[in-house]
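Colleague: All I have is the shape, not the residue letters:
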């Protein structure tokens, strides 16, 4: 079970978040979701994100959502929780990103997406990903591979499998704890 700790979130929103969490949990046998508390906050005017504090299994994760965020965004942020909590998953995601983007240079996300809401320090190696954000590069070594993959599996798993079978298979293997 995923242990959600809601912080000042109305009951109606709690149920929506719990439903998305349950859908995400059904996708995975990955241990990163089991038993570890996830603090959930809702803030007006924010871009959803996950914050991690600490390292390894002592990590505390906070998922910050906007009131309008839907199932796909909630699943995405829980994907960060999986990566943060499970060093083996993080290593596999980093290796997958490195393999897929070998030889590519960092590019500003605002430039490659045309979305000026990205900060200047947000960069990615776009590869042939469905969405360039999948190739986002973080100084701390985190990735968007698991979070964006889960989002695709929640919203359109068949389309994901057809458009990027390599990434789909990677996600399936990781989420079902299968070795590649």
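Modeller: Received, thanks. Note that the structure is a prediction, hence the values are computed from the model and not measured.
Colleague: Regarding residue 64, what is its secondary structure?
Modeller: Look at residue 64: counting by DSSP: H, G, I helix; E, B strand; the rest coil, its state is strand.
Colleague: in the sheet, who's paired with it?
Modeller: Following DSSP bridges, residue 64 is listed with bridge partners residue 41, residue 49.
Colleague: That one and residue 46, how far apart?
Modeller: According to CB to CB, to the nearest Å, residue 64 and residue 46 sit 6 Å apart. (Glycine included, C-beta is placed from N, CA and C.)
Colleague: neighbour count winner among those two?
Modeller: Remark: of residue 64 and residue 46, residue 64 carries more neighbours, 18 against 13, as counted by other CB atoms under 10 Å.
Colleague: what's the most centrally placed residue in the chain in contact with, if anything?
Modeller: Taking CA atoms, centre = their mean, the centroid of the chain lies closest to residue 147, which sits 1.7 Å from it. Residue 147 sits next to 50, 76, 77, 78, 79, 80, 83 when contact means CB atoms under 8 Å, 6 or more residues apart in numbering.
Colleague: Could you find the closest non-adjacent residue to it?
Modeller: Of all residues not flanking residue 147 in the chain, residue 79 sits nearest, at 3.2 Å (CB to CB, 6 or more residues apart in numbering).
Colleague: what's the distance between the one helix or strand that neighbour maps to and the middle of its chain?
Modeller: Secondary structure assignment for residue 79, by DSSP states H and E: helix 71-85. Using CA atoms, centre = their mean, to the nearest Å, the distance from the centre of helix 71-85 to the centre of the chain it belongs to is 4 Å.
Colleague: now swap in stretch 122-142 and tell me
Modeller: Distance, stretch centre to chain centre, for stretch 122-142: 12 Å (CA atoms, centre = their mean).
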